[in-house]
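# sequence-free structure coming up:
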């Protein structure tokens, strides 16, 4: 009984402290962050749209133009990561540069660069997907689930 | 009987150990900060001519030890112990440096509290008559800490306002039972305290209760008051942790506001250098103490200092398993002779 009281006292003390700390923590500037995210994210999408339209204007089919555009955007994301520019964009843009596919490229290339010193197998090879891995696992997982639904419902 | 023990957590030295010399090495960013004139070596390149960040950190620690020894007019062979630790797994920087230096070595892990942990134990060894000369040293490196605890450097992620910036730096102090320099008079060893903070981006709040507890216990054990000190300085609590510590210590009846500061706030200009809540890491209190504070004590602009390095005892595993962050803080009182 006494042990339980002690436990409860501990929890309330921790709660009290966490609430006290919460009041001290400055809020991030949500408005400024949102504006940055909106414009940088929008800019990345506009560039991709421009590339897509250009290929289509040259008479390439929509599916092929989509594929080429994705390849170019992934390359750009990886290239800017290699030059050390993408992290500087990300610091300001936040979700604006994480959500587009260039951010996905950044999340794969940055650990690959970082862990090169540990070798190509246990460094680059095993750490490359340490950040993008969860996205792939749940991305593939949900596409399988949706695929099955589609398969059974469309019959 | 423990005749040198004072109260519950404090030791009062009888053959007061003397800090006869110190040296510091810092990275380029720290060299651009407000304390740049107080550092011995400012690296131009934070790889320091090595192949990896970890080896660069180890070299920084090793070279700082050598510089501190020669500034104290000693030889490496005079050093009877090296008390050292760092943030990397299995103390890579400290043990690799000790491998090259060949000084008998105790590896310590106290996270960012390592500077005062090593000074505390070193002072006890000297006062106990177990050594004449020894070195207490620690280091941290922004890039090696980032890759171990957080994300790859090139990942485009945003830091919250409470995040702190790991200092690239090393500080070494030579302790001796004979010579000139400030003396270590008291040591208050801290307890591990955890009030349930789980946000690894808010280490200041996680460590502040430990710092406050150690400071209050120091005053209770010694009977000293905050006015006794010219400077009470915590290791790396940053903006939020400093404010919390001040309030928690005041709550126990001690007002330290007038003399209190934090190494994490001294080393960077948070606004200009974009370091958010301030500096952190073992190298933060090590370079600020061995550089700025030690030199100010030699110039007698500061005479009585209570240094409290603060550590967050989390690991990547404990954080991923959702555990809260335990904090630790050790206090060392360093005082100039009268006259």
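That came in fine, so what should we check first? Here the structure is a predicted model, which means the values were calculated and not measured.
# which bits of chain A sit near chain B?
Proximity of chain A to chain B is confined to A:13-15, A:17-18, A:20-21, A:24-28, A:33, A:81-82, A:84, A:86-91, A:93-94, A:97-98, A:103, A:106-107, A:109-111, A:113-115, A:117, A:131 under the rule C-beta under 8 Å from any C-beta of the partner chain. Yep, even glycine has a C-beta here, placed from its N, CA and C like the rest.
# swap the cut-off to 6 Å and go again
Where chain A comes near chain B, counting by C-beta under 6 Å from any C-beta of the partner chain, the residues are A:14, A:17-18, A:21, A:24-26, A:28, A:81, A:86-87, A:89-90, A:94, A:97, A:106, A:110-111, A:113-114, A:117.
# show me the strands in chain A, by range?
For chain A, no strands are identified by DSSP state E.
# any weak-confidence spans in it?
Along chain A, the parts satisfying pLDDT under 70 run over A:1-8, A:11.
# tell me which residue of it lies closest to chain B.
residue A:90 (1.9 Å; C-beta to the nearest C-beta).
# tally of neighbours for that residue?
25 (other C-beta atoms under 10 Å in any protein chain shown).
# residue A:49 too?
Neighbour tally, residue A:49, other C-beta under 10 Å: 11.
# mind listing the helices for the chain?
With no chain named, the answer covers chain A. A:2-24, A:30-57, A:62-82, A:86-93, A:95-98, A:101-114, A:126-127, A:133-153 (DSSP state H).
# I was thinking of chain B, sorry if that wasn't clear
Using DSSP H, helices in chain B cover B:28-31, B:53-71, B:92-101, B:114-127, B:142-149, B:203-222, B:238-251, B:263-266, B:270-273, B:282-287, B:294-298, B:316-320.
# contacts for the longest one next, please.
Residues lying outside helix B:203-222 but in contact with it, judged by C-beta atoms under 6 Å, 6 or more residues apart in numbering or on different chains, are A:21, B:6-7, B:9-10, B:186, B:188, B:190, B:193, B:195, B:197, B:234, B:237-238, B:240-241, B:244-245, B:248-249, B:252, B:254, B:277, B:308, B:310, B:312, B:325, B:327-329, B:331.
# could I get the average pLDDT for it?
Averaged over helix B:203-222, pLDDT sits at 97.
# distance-wise, check the residue nearest the centre of chain A relative to residue A:106.
Centroid-nearest residue in chain A: residue A:98, 4.2 Å away (criterion: C-alpha atoms, centre = their mean). Separation of residue A:98 from residue A:106 (C-beta to C-beta, to the nearest Å): 8 Å.
# skipping adjacent residues, who's closest to the residue of chain B found nearest chain A in space?
For chain B, the residue closest to chain A is residue B:156, as judged by C-beta to the nearest C-beta, at 1.9 Å. Using C-beta to C-beta, 6 or more residues apart in numbering or on different chains and skipping residues adjacent in sequence, the residue nearest residue B:156 is residue A:90, 1.9 Å away.
# how many residues are close by residue B:257?
By the criterion of other C-beta under 10 Å, residue B:257 has 12 neighbours.
# same check on the one 5 residues further on?
Residue neighbour count, defined by other C-beta under 10 Å, stands at 30 for residue B:262.
# that one touches residue B:236, doesn't it?
No - between residue B:262 and residue B:236 there is no contact under C-beta atoms under 6 Å: 7.1 Å.
# look up how far residue B:66 lies from the residue nearest to the centre of chain A.
In this view, residue A:98 and residue B:66 are 44 Å apart by C-beta to C-beta.
# residue A:117 and residue B:138, how far apart?
Following C-beta to C-beta, the distance that separates residue A:117 from residue B:138 is 23 Å.
# no, scratch that, I was asking about residue A:132
Distance, residue A:132 to residue B:138, using C-beta to C-beta: 35 Å.
# number of residues surrounding residue 97?
Since you didn't name a chain, this refers to chain A. So residue A:97, with other C-beta under 10 Å, has 28 neighbours.
# let me rephrase: I mean chain B.
Close neighbours of residue B:97, defined as other C-beta under 10 Å, add up to 28.
# hmm, back to that, OK, contacts around the residue of chain A closest to chain B?
Here residue A:90 is in contact with A:97, B:156, B:157 (criterion: C-beta under 6 Å, 6+ apart).
# Serialize those to JSON lines and add fields for distance to residue A:153.
Converted to JSON lines, those look like this (distance: C-beta to C-beta, whole Å):
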{"residue": "A:97", "distance to residue A:153": "37"}
{"residue": "B:156", "distance to residue A:153": "39"}
{"residue": "B:157", "distance to residue A:153": "39"}
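# tell me the mean pLDDT for stretch B:154-162?
Per-region confidence: stretch B:154-162 scores 89 on mean pLDDT.
# ends of it, what's the gap?
21 Å (C-alpha to C-alpha, to the nearest Å).
# list the buried ones in that stretch?
For stretch B:154-162, a neighbour-count test (16 or more other C-beta atoms under 10 Å in any protein chain shown) marks B:154, B:155, B:156, B:157, B:158, B:159, B:161, B:162 as buried.
# what do you get for stretch B:316-325?
Those would be B:324, B:325, for stretch B:316-325 by 16+ other C-beta under 10 Å.
# average pLDDT across it?
For stretch B:316-325, the mean per-residue pLDDT is 94.
# repeat that for stretch B:72-87.
So the average pLDDT for stretch B:72-87 ends up being 97.
# residue numbers of the stretch 1-150 of chain B in contact with chain A?
Selection of the stretch 1-150 of chain B residues close to chain A by C-beta under 6 Å from any C-beta yields B:52, B:147.
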